[in-house]
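Chemist: Okay, sequence plus prediction incoming.
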Amino acid sequence: MFFHVFKYGLKINFRVKEIVFWAFIFPIILGTCFYAAFSSISTSTESFNTINVAIVLENSDSDIYFKEIADSLSDDENDLPLLNPTYCSSIEAGQLLEKEEVTGIITLSGGIPSLMISGDGINESILKEILNKYLQSVSMLSDIDVNDTASLSKVLSAINNDISYIKELKLTDGNTDVFTNYYYSLIAMCCLMCFSGTMGSMSIKANLSSVGIRKNLSTTRKSVIILGTFMSSYIIQAIASIILIIYLNYVLKVNLGGSLPLITLTALVGSFAGVSTGTFIGALPKLSESLKIALNIIVSLFSCFLSGLMIGDIKYIIQDNLPLLDLLNPAAAISNALYSLNIYDTYNKFIQSISVLTIYSIVLIFTSYLMTRRETYASL
Amino acid sequence: MSESIIKIEKLVKRYKELIALDHLSLDVTEGEIFGLLGPNGSGKTTTINCILSLLTFDKGSIKVFGKEMKPDSYDIKQKIGVVTQNVAVYNELTVYENIDYFCGLYVKDKSLRKKYVDEAIEFVDLRQFTKFYPKKLSGGLLRRLNIACGIAHKPTLIFMDEPTVAVDPQSRNKILENILELNRNGATIIYTSHYMEEVEQICTQISIMDKGKMIATGTKNELLKMIKNSETITIEILNINEETLSNLKNLPHVYDVKYNNNQLKLYYSGGKHNLVRVLDYFKKENIDIGRVYSELPTLNDVFLEITGKELRD
Ligand SMILES: Nc1ncnc2c1ncn2[C@@H]1O[C@H](COP(=O)(O)OP(=O)(O)OP(=O)(O)O)[C@@H](O)[C@H]1O
Ligand SMILES: [Mg+2]
């Protein structure tokens, strides 16, 4: 009986146009749009890689530290140096900034650099960050013996490392990394937008569909019908998310970071969460059919919105201010899992996200079962 | 000989303030085609849903096959087939797949299921349409599919909730024949309708409902005997005077006489030779008359006399 319900569930799901569109076609379209939009942005940001900066020196001993850092950041050994400094007077520097030939002016006074910028683009913020790092390190530096060259060079190299880390981060940021998060959210959306789950669980309820009446009166156990229906929705969702990953990875050649099998595993667990969410919404009492479909869209899109599908920064705002929401939001859990595969060598964060998704799914399925099992209604 | 299959006692069902079923009692015995006749909103579907224990109810008791029906009463469920008032099929499945799907919720064995599905298709005469999707079927064919989905697993107690609504006369006759055949093959049938002609035509036992109350129960003849009227004679006549009218009123068994639009109506309660008598009267008085016809009372008259309103709106 399970297989019977499952087989027909699949047939029905693949024949409902809305399910096919939202599960298979919509994510591909959105992915393609992302790709088109991001590739035009990243070509226009290529020239941002090397930042022109005017540096006004004081011509005293305390200049050396900053000069050394600046020089190492404009080192020719790097394929793409971060900085292209012009040493000049403050008047010349002012003119350069006015003509927009430099992004900013760094003026040293008593060994302490200060920054003047006229815009607020990525380059400006990179300069700010370099300066902040330098100032932080300098405050440490003042505690140690300036004459001890060994410790001096140690600290210098620490600053240097720090700054080259920023550089690396920012350099890749300008191209793909910041966009990769959008693809993660897209995969999350593909997993979570599960109409088949909602429709499937509504079709079991006698008060929502007339086929539900037949199912309620049949001799097949409710749990078998629920499970068969659930599995048929799951297959749809899993296939859809795998197709999306294949499309992103092999067709658009987006670098998703992390190993493909683990990315796929994330999508499979994510789909599980998606079908559970859909099933849960379908099983809710009282609400009408169309309201549930609407709720399905709202919940999945809102959850993806919070994970940065539309505005990337939202994710960080939530992470900083509402960490619990970020932890429990299934879309964030999916994109966090993918992100952690990309960033970390250890699997702690990944396992944490996957566990959250699994527990979330099990709780929802069980609750849906309790809500659907009841066979007598006050009103049909 | 025959045992009670459904027994409802003093059933009360409320939807908030609305009393949908008001101390309704009924008894269906094996082998009957039990007709539930009532106007729209009288509570027919509600009654069926309560029997099937899909709906909770406020008071009273319902026994099906002598037992209370529970969610896990699979032995009872196996014997029940339902043809819902709203067509209950999947638009995404073909005619064959729909029947197979619902039959498969009752019948595990594959070859037996195939046999049952084929028989159901033959039964409702949808052989040519097995690959059609429901959207492509006409109203009548769709109703037949709905019937096939409800009866494929060979139930012995079949609920049919207005299976002929919005169906052309040809399909309707086919459906009525189907019902009679199911009954001949041993099934007990609960049939609801607001078409009295259908109920008169096929039902062996009839209950008339109005506003959630059972107003009369019996065979067609028993119901007709409950009312005063036994015959209505209509005569076309151009002019008639007061004297003739009062003379007619004094004919034996006449209890009322009405004349308008050149039509004279005589209402009888009892009597065997009413038509002959009235024709004799006109001949004797030398009054010209047009067409004459006599009608026996229908269930509509029963409904009219008990509730004071027409069954059909
Ligand atoms: N879910 C519900 N909520 C509130 N009232 C309801 C509900 N279902 C039915 N009713 C009301 O209960 C009464 C009986 O309805 P029911 O559907 O049983 O009538 P019916 O005899 O089957 O009518 P029809 O011939 O139109 O099918 C009606 O007044 C109807 O408006
Ligand atoms: Mg009804």
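Modeler: Okay, I see it. Ligands and ions are numbered 1, 2, ... in the order given.
Chemist: Enumerate every residue touching A:Val269.
Modeler: A:Ile334, A:Ala337, A:Ile354, A:Leu357, A:Thr358, A:Ser361 (C-beta atoms under 8 Å, 6 or more residues apart in numbering or on different chains). All C-beta spots, glycine's among them, are computed from the backbone N, C-alpha and C.
Chemist: Are any of those residues buried, and if so which?
Modeler: When neighbours are counted using 16 or more other C-beta atoms under 10 Å in any protein chain shown, the contacts of A:Val269 contain these buried positions: A:Ile334, A:Ala337, A:Ile354, A:Leu357, A:Ser361.
Chemist: my read: B:Thr45 touches B:Val82, true?
Modeler: No. Under the criterion of C-beta atoms under 8 Å, B:Thr45 is not in contact with B:Val82, lying 11.2 Å apart.
Chemist: if you count what's nearby, which of these two comes out ahead?
Modeler: When B:Thr45 and B:Val82 are compared for neighbours, B:Val82 comes out ahead with 28 against 20, by other C-beta atoms under 10 Å in any protein chain shown.
Chemist: Contacts for the helix or strand hosting the more buried one, please.
Modeler: Using DSSP states H and E, B:Val82 sits in strand B:80-83. With C-beta under 8 Å, 6+ apart as the test, strand B:80-83 has contacts from A:213-214, A:217, B:48, B:52, B:64, B:146-147, B:150-151, B:153-155, B:157-161, B:163, B:187.
Chemist: Could I get the average pLDDT for the very next helix or strand once past that strand?
Modeler: Using DSSP H and E, the next helix or strand after strand B:80-83 towards the C-terminus is helix B:95-104. Summarised as a single mean, pLDDT over helix B:95-104 is 97.
Chemist: center of the chain - which residue?
Modeler: Picked chain A for this. A:Asn181 (3.1 Å; C-alpha atoms, centre = their mean).
Chemist: My question was about chain B, not that one.
Modeler: Note: chain B centre (C-alpha atoms, centre = their mean) maps to B:Val199, 3.5 Å.
Chemist: neighbours around the nearest residue to B:Tyr195 once chain neighbours are set aside, how many?
Modeler: Spatial nearest neighbour of B:Tyr195, excluding adjacent residues (C-beta to C-beta, 6 or more residues apart in numbering or on different chains): B:Thr164 at 7.0 Å. Using other C-beta under 10 Å, B:Thr164 has 21 neighbouring residues.
Chemist: Just to check, B:Thr164 is in contact with B:Arg172?
Modeler: Yes. Applying C-beta under 8 Å, one finds B:Thr164 in contact with B:Arg172, separated by 4.7 Å.
Chemist: shared neighbours, those two?
Modeler: What both B:Thr164 and B:Arg172 touch, as defined by C-beta under 8 Å, 6+ apart, is the set B:Glu198.
Chemist: can you count the residues close to A:Ala238?
Modeler: Look at A:Ala238: counted by other C-beta under 10 Å, it has 20 neighbours.
Chemist: can you pull the contacts of it?
Modeler: So A:Ala238 contacts A:Ala267, A:Leu268, A:Ser271 (C-beta under 8 Å, 6+ apart).
Chemist: That one is in what secondary structure piece?
Modeler: Short version, using DSSP H and E: A:Ala238 is in helix A:222-246.
Chemist: Show me which residues of that helix are buried.
Modeler: Quick answer for helix A:222-246 (16+ other C-beta under 10 Å): A:222, A:224-238, A:240-245.
Chemist: and the helix or strand hosting A:Ser353 with helix A:222-246, angle?
Modeler: In this structure, A:Ser353 is located in helix A:348-373 according to DSSP H and E. The directions of helix A:348-373 and helix A:222-246 differ by 140 degrees, with axes from the mean of the first three to the mean of the last three C-alpha atoms, to 10 degrees as the criterion.
Chemist: Show me what helix A:348-373 is packed against.
Modeler: Counting contacts by 3 or more C-beta pairs under 8 Å, 6 or more residues apart in numbering or on different chains; DSSP states H and E, helix A:348-373 packs against helix A:222-246, helix A:260-283, helix A:323-328, helix A:330-343.
Chemist: What residues sit buried inside the last one?
Modeler: Counting neighbours by 16+ other C-beta under 10 Å, one finds that the buried residues in helix A:330-343 are A:330-342.
Chemist: For residue 64, what are phi and psi?
Modeler: The chain I'm using is chain A. phi -50, psi -40 (degrees, to the nearest 10).
Chemist: Actually, chain B is the one I wanted.
Modeler: phi -120, psi 130.
Chemist: And A:Ser109, by the same measure?
Modeler: Torsion angles, degrees, to the nearest 10, at A:Ser109: phi -140, psi 110.
Chemist: mind checking pLDDT for A:Leu171?
Modeler: 47.
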